[in-house]
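Student: give the three-dimensional model of this entry:
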Amino acid sequence: MDQLQEFAREEKHHEKPWYILPLIVFAQFCGTSLWFASNGILRELSDAFALQVNALQHLTSAVQLGFIIGTLVFALLTLADRFSPSRVFFISALLGALCNLGMIWEGNTAYSLMGLRFMTGFFLAGIYPVGMKIASDYYNKGLGTSLGYLVGALVLGTAFPHLLISTGNTLSWQMVVGITSLIALLGGILIAFLPDGPFRQRMPSLDLSALIRVFDRSAFRSAAYGYFGHMWELYAFWAFVPLILSTYQELNPQADFQISIWSFLIIGIGGPACVLAGHLSRVLGEKKVASAALLLSGVCCLVLPWAFSWPNEVGFLTFMMLWGMVVIADSPLFSTLVARNAKLQEKGTGLTVVTCIGFAITIISIESLAALQESFSSPASYLILALGPAFGLLALLKKRR
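Tutor: Numbering: from 1, shown residues only. The predicted structure is shown next:
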């Protein structure tokens, strides 16, 4: 808490109450708990609504597609730059919570559930990137540290429904849905009373050209391309962690560990890693720390096919935990570079459009890896993930030159 208080008072000319950063971080955690609310209860949803197996997969894809469409709409309308981002966050959290709560309706079908998940993803576009926009309006110096906490909250928020469902028979799936909806609404209410930050500059009117104009700056393009390379790897890695672990057990029958628990740990450790990267960026700079994390995650992509042959499961799981840290550690730093290299009145649009493109890239990478897995069923197929870090590093090195 002392460190958070220090960050909240760091700009001498723009002193802020100590609670600003903790409040934004907590609200971000609450709002993003909607993201994978259906993933932890897929089996229960299947039993309750007689869903087909492929319908369960579509529920996850619907959220991602809704988020992509949502970020595109929010960016086109420049909502976070023309209106108070705190109000945008609150309204999005309220509507997202209602869409999430709609899953408990007994008359749902596979199509209505996918529609509800799509709309939940749509309104998440007013929570995740807008939360970063709010932080960038309050913090200039030390923004990387602030966003480190925010992205860490995103990681923990997306894992929160799995924590709820892990309680066994204590909570019904309807209660899990209700709790995630309630805490998302709580996060929105907390942000609703937060005034606009001192570094905010309002865009006076609708300006569709800002969607493209933000890429005119070479420094912005460099940060955006680095983020795109990072996103190529990130969600594909998260999506395939359980499969990677099960493949290792198939190749090494002596391995004895619970896949669900280790999947949670490997993904969840990314939260503290984001915070650590944010602190390091205060000393080394955002670009250096982001480049190092991107390089290490790229190396992990290349090592994975060989790691499947390691007979020591402790070594393999340690490797996966390390990968879980570096694969996400650069995310808040790229967002910091994007925000810092956009015009003040276009920061919200810049963050939103880059996030939109980045999540669209995740669908391509996930589908590409899945296609390779189906066609070749070889550990070498994971090498395709290394294309993202390689592209991102080239973009950063080109800017330096």
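Student: how far does the helix or strand where Ala277 lies sit from its chain's centre?
Tutor: Following DSSP states H and E, one finds Ala277 within helix 270-284. Relative to the centre of its chain, helix 270-284 is centred 16 Å away, using Cα atoms, centre = their mean, to the nearest Å.
Student: residue numbering should commence at 29 henceforth.
Tutor: From this message on, residue numbering opens at 29, which makes the last subject helix 298-312.
Student: surely Leu308 is in contact with Val317?
Tutor: Yes - shown here, Leu308 and Val317 form a contact pair, counting by Cβ atoms under 8 Å, at 4.9 Å. C-betas here are computed from N, CA, C, even on glycine.
Student: who has more neighbours, the two?
Tutor: Val317 (24 against 20; other Cβ atoms under 10 Å).
Student: distance of that one relative to Thr364?
Tutor: 10 Å (Cβ to Cβ, to the nearest Å).
Student: do the same with Asn136
Tutor: In terms of Cβ to Cβ, Asn136 sits 40 Å off from Thr364.
Student: Leu304 too?
Tutor: On the measure of Cβ to Cβ, Leu304 and Thr364 end up 15 Å apart.
Student: where in the stretch 179-328 of the chain is pLDDT low?
Tutor: For the stretch 179-328 of the chain, the stretches with pLDDT under 70 are 186-187, 189-198, 225, 227-240.
Student: ok, Asp224 - contacts?
Tutor: 112-114, 165 (Cβ atoms under 8 Å, 6 or more residues apart in numbering).
Student: reformat these as TSV; add secondary structure.
Tutor: Formatted as TSV, the contacts of Asp224 follow (DSSP: H, G, I helix; E, B strand; the rest coil):
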residue	secondary structure
Ser112	coil
Pro113	helix
Ser114	helix
Asp165	helix
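Student: following the helix holding Ala305, which helix or strand comes up?
Tutor: helix 314-335.
Student: who does that next one touch, helix- and strand-wise?
Tutor: helix 246-279, helix 298-312, helix 341-357, helix 359-368, helix 415-428 (3 or more Cβ pairs under 8 Å, 6 or more residues apart in numbering; DSSP states H and E).
Student: Pro45 is nearest to which of those?
Tutor: Closest approach to Pro45 among the helices and strands packed on helix 314-335 (Cβ to Cβ): helix 298-312, 20.3 Å.
Student: quick one: which of Asn136 and Thr364 has more around it?
Tutor: The residue with more neighbours, out of Asn136 and Thr364, is Thr364; 28 against 18, by other Cβ under 10 Å.
Student: sorry, back to before: most neighbours of all the contacts of Asp224, which one?
Tutor: Within the contacts of Asp224, neighbour counts (other Cβ under 10 Å) peak at Pro113, which reaches 28 neighbours.
Student: could you report the pLDDT at that one?
Tutor: On pLDDT, Pro113 comes in at 88.
Student: do the same with Ser174
Tutor: Reported pLDDT for Ser174: 75.
Student: how many neighbouring residues does it have?
Tutor: Neighbours of Ser174 using other Cβ under 10 Å come to 27.
Student: and what of the one 10 residues further on?
Tutor: Applying other Cβ under 10 Å, we find 21 residues neighbouring Leu184.
Student: excluding chain neighbours, what is closest to it?
Tutor: Gly299 (4.6 Å; Cβ to Cβ, 6 or more residues apart in numbering).
Student: touching, that neighbour and Gly180? I think so.
Tutor: Yes - here Gly299 reaches Gly180: they are 4.0 Å apart, a contact under Cβ under 8 Å.
Student: those two: which is more packed in?
Tutor: Using other Cβ under 10 Å as the criterion, Gly299 and Gly180 rank with Gly180 on top: 27 against 24.
Student: after the helix or strand containing the more buried one, which helix or strand is next?
Tutor: Assigned by DSSP H and E, Gly180 falls within helix 171-193. Using DSSP H and E, the helix or strand that directly follows helix 171-193 along the chain is helix 201-220.
Student: so which elements touch that following helix?
Tutor: helix 48-60, helix 70-77, helix 113-129, helix 171-193.
Student: quick one on the thing from earlier: check contacts around the residue nearest to Leu184.
Tutor: Applying Cβ under 8 Å, 6+ apart, the residues contacting Gly299 are 180-181, 183-184.
Student: out of the residues you listed, which comes closest to Phe347?
Tutor: So of these, ranked by how close each gets to Phe347 (Cβ to Cβ), first place is Val183, at 19.2 Å.
Student: distance-wise, check the closest one relative to Val269.
Tutor: Taken as Cβ to Cβ, the span from Val183 to Val269 is 13 Å.
Student: list residues touching both of the two?
Tutor: Counting by Cβ under 8 Å, 6+ apart, the residues touching both Val183 and Val269 are Ile295.
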